[in-house]
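Chemist: Here is my input; please provide its structure:
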Amino acid sequence: MSGINLLPWRAERRKQKQQQFLSFTALGLLLGAAALLILHFQIAGAIEYQELRNNYLKSELSQIDQKIKEIEDLETKKKRLLSRMDVIQQLQLSRPEIVHLFDELARTIPDGVQLIDLAQAGKLLTIDGIAQSNARVSVYMRNLEFSPWLQDPVLNVIEGKPEAKDKREQRGSKFTLQVRQTEISRPGQQKNPK
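Modeler: Now for the predicted structure:
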């Protein structure tokens, strides 16, 4: 029995196991590389899909921003139109005021008073005139006080004219007074009491 050599059989078996190990290792490396390649394509696909979604969201957001800007422009146009409508409405409501103002000025002037100048700043009227006497100015102010369209007359200046050399020129007083125009009466609305 000592003549049997087992070394070649063992070497052959070792060589076979080594080839098996190398083939399994190569197969494992190939399977790992394939798995990594598949994982890489999956991740790249997911990234591309997410980028498509992000681009879609960006385009939608830009459209929404554009619509918001249009809405803001419409809001500013609406505010301007509403302010214009208010101005037009105020003008429509105040249209008869000038007629009533001149009518009241004509009605309230007593004999012996002449108006020289009339200036209006908002609702405040400044009246310059000449009166034959201070009493006529007082009567004029009382008439203005009782007028439904004018209120709060205030005498600013009254000065007597110097003696006239010619008898045709009358003696009198120059005066300046201010009076406030009242708000127009609308249906269901009464004049503000003092």
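Chemist: quick one: low-confidence ranges for this protein?
Modeler: 1-6, 161-171, 184-194 (pLDDT under 70).
Chemist: next SSE after the lengthiest helix in it?
Modeler: In the chain, assigned by DSSP state H, the helix with the most residues is helix 7-94. For helix 7-94, the succeeding helix or strand toward the C-terminus, using DSSP states H and E, is helix 97-108.
Chemist: Report all helices and strands that whatever helix or strand comes next after that next one contacts.
Modeler: Following helix 97-108 in sequence order, the next helix or strand is strand 113-121 (DSSP H and E). Applying 3 or more Cβ pairs under 8 Å, 6 or more residues apart in numbering; DSSP states H and E, one finds that strand 113-121 contacts strand 124-131, helix 134-145. Using the backbone N, CA and C atoms, a C-beta is placed for each residue, glycine as well.
Chemist: need the contact list for residue 18.
Modeler: Listed by Cβ atoms under 8 Å, 6 or more residues apart in numbering, residue 18 has no contact partners.
Chemist: Okay, it and residue 31: tell me how far apart.
Modeler: 20 Å (Cβ to Cβ, to the nearest Å).
Chemist: hmm, back to that, got JSON lines for the helices and strands packed on strand 113-121, with distance to residue 92 and mean neighbour count too?
Modeler: Converted to JSON lines, the helices and strands packed on strand 113-121 look like this (distance: least, Cβ to Cβ, whole Å; neighbours: other Cβ atoms under 10 Å):
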{"stretch": "strand 124-131", "distance to residue 92": "22", "mean neighbour count": "18"}
{"stretch": "helix 134-145", "distance to residue 92": "27", "mean neighbour count": "17"}
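Chemist: The ones you listed: which one's closest to residue 70?
Modeler: Closest approach to residue 70 among the helices and strands packed on strand 113-121 (Cβ to Cβ): strand 124-131, 44.3 Å.
Chemist: the longest strand in this protein is where?
Modeler: For the chain, the longest strand by residue count, based on DSSP state E, is strand 150-160.
Chemist: tilt between the next helix-or-strand element following that one and helix 7-94?
Modeler: Using DSSP H and E, the helix or strand that follows strand 150-160 in sequence is strand 173-181. Angle, strand 173-181 to helix 7-94, by axes from the mean of the first three to the mean of the last three Cα atoms, to 10 degrees: 140 degrees.
Chemist: List the buried residues in strand 173-181.
Modeler: Using 16 or more other Cβ atoms under 10 Å as the test for burial, strand 173-181 gives 173, 175, 176, 177, 179, 181.
Chemist: and which of those is nearest to residue 80?
Modeler: residue 181 (28.6 Å).
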